[in-house]
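Trainee: With the sequence up front, the predicted model follows.
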Amino acid sequence: MAKKNKQADAKAELEALGKQTRKAVEAVLAEVREVAEELRARTSAAAPTPVASTTSVQTVDFWFDPICPWAWMTSRWMLEVEKVRPVKTVFHVMSLSVLNSGRDIPDGYRAMLDQGWAPVRVALAVEERYGQEQLRAFYTAIGTRIHPRQEGFDRATIEGALTDVGLPVELADAGDVGDNDEALRASHHQGMDPVGQDVGTPVIHVGDVAFFGPVMSPAPKGEEAGRVYDGVLALASYPGFFELKRTRTVDPIFD
């Protein structure tokens, strides 16, 4: 009889211990849940409230002549700027041949400009027939051939650049005739007139701000390109700013 009583007492003790254990576990779980809720509340309060992006893409209108190495350098800089700033470069054609028409210039430079009509005429034809993005691609193709590769800018170079971007080589015919030179001059003056005629290429317009340059070598890359852009735009945006210049000590460095 005593043995049964001991067993009953042991069972009762185990049941009581089980109840106490369950209560302790439940209390711990309650504390864990309370701490978790508090952490979620703190995280929610600390997190920034999502807002719709108000950053708009800034249009930079860029005038170039395909044969100008300095315009090429600046154009490569602008493509770097696009990677680190909300900027879109829109390319337009100007012409060193138009700019220097009627000017007293050395014979060698005049001969180069006479040959320079063809690339700029073809560039304009690409834009008119195939649009801005194809002009952008064609400029990269022909600029790569003329400048880093030093292929010159005869018809073979023009046809090669057209082939590079999947355009018909027959477009090179536009370089041999002046049928659309009126439109070429219009594009030229649209870019150059707001800046003045005592400058060359490149020319950049950002909204109402228009300026020549910047002339640089080599073209900055990455965030440095963005910082240069910020500084150039800040200077050019001041109505009383006209010139910042130093002696150029290097030729175009193509990389």
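Mentor: The structure has been received and is ready for your questions. Because the structure is predicted, anything quoted here is derived from the model rather than measured.

Trainee: where does the most centrally placed residue in the chain land in three-state SS?
Mentor: Here the mean C-alpha position of the chain is nearest to the C-alpha of residue 82 (CA atoms, centre = their mean), at a distance of 1.4 Å. Look at residue 82: counting by DSSP: H, G, I helix; E, B strand; the rest coil, its state is helix.

Trainee: helix, strand or coil for residue 211?
Mentor: Here residue 211 is strand, with the state taken from three-state DSSP.

Trainee: I figured it hits residue 238, correct?
Mentor: No - contact criterion CB atoms under 8 Å: residue 211 and residue 238 do not qualify, at 10.8 Å. For every residue, glycine as well, the C-beta is placed using N, CA and C.

Trainee: Among the two, which residue is more densely surrounded?
Mentor: Ranked by neighbour count (other CB atoms under 10 Å), residue 211 and residue 238 place residue 211 first, with 22 against 9.

Trainee: how close does that one get to residue 248?
Mentor: Applying CB to CB, to the nearest Å, the value for residue 211 to residue 248 is 18 Å.

Trainee: could you show me where the helices are in the stretch 1-150 of the chain, in order?
Mentor: 2-46, 69-84, 96-99, 107-130, 132-146 (DSSP state H, counting those that start in this stretch).

Trainee: how far out from the middle of the chain is the third one?
Mentor: The chain centre lies 27 Å from the centre of helix 96-99; the measure is CA atoms, centre = their mean, to the nearest Å.

Trainee: Helix or strand with the lowest mean pLDDT in the chain?
Mentor: Every helix and strand in the chain was compared by mean pLDDT, DSSP states H and E; the lowest is helix 2-46, with a mean of 54.

Trainee: Neighbours of residue 140, how many?
Mentor: 18.

Trainee: Contact partners for the residue nearest to the centre of the chain?
Mentor: Taking CB atoms under 8 Å, 6 or more residues apart in numbering, we find residue 82 in contact with 88, 89.

Trainee: Can we start the residue count at 41 from this point?
Mentor: Fine by me, first position is 41 from now on; the one you just mentioned is residue 122.

Trainee: where's it relative to residue 282, distance?
Mentor: Distance from residue 122 to residue 282, by CB to CB: 27 Å.

Trainee: Contacts only, for residue 182.
Mentor: 106, 159, 163, 193, 197, 198, 201.

Trainee: packing partners for the strand or helix carrying the last one?
Mentor: Spelled out, that is residue 201. Counting by DSSP states H and E, the element that carries residue 201 is helix 195-204. In terms of contacts (3 or more CB pairs under 8 Å, 6 or more residues apart in numbering; DSSP states H and E), helix 195-204 is packed against helix 147-170, helix 172-186.

Trainee: May I see those helices arranged in a markdown table, with mean pLDDT and distance to residue 116 as well?
Mentor: Converted to a markdown table, the helices and strands packed on helix 195-204 look like this (pLDDT from 0 to 100; distance: least, CB to CB, whole Å):
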| stretch | mean pLDDT | distance to residue 116 |
| --- | --- | --- |
| helix 147-170 | 95 | 17 |
| helix 172-186 | 98 | 8 |
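
Trainee: So which of these is nearest residue 239?
Mentor: helix 147-170 (16.1 Å; CB to CB).

Trainee: and that closest one with helix 172-186, angle?
Mentor: For helix 147-170 against helix 172-186, the angle by axes from the mean of the first three to the mean of the last three CA atoms, to 10 degrees is 150 degrees.

Trainee: What angle do helix 195-204 and helix 147-170 make with each other?
Mentor: Using the same axes, to 10 degrees, helix 147-170 lies at 30 degrees relative to helix 195-204.

Trainee: So which bits of helix 147-170 are buried?
Mentor: 152-153, 156-167, 170 (16 or more other CB atoms under 10 Å).
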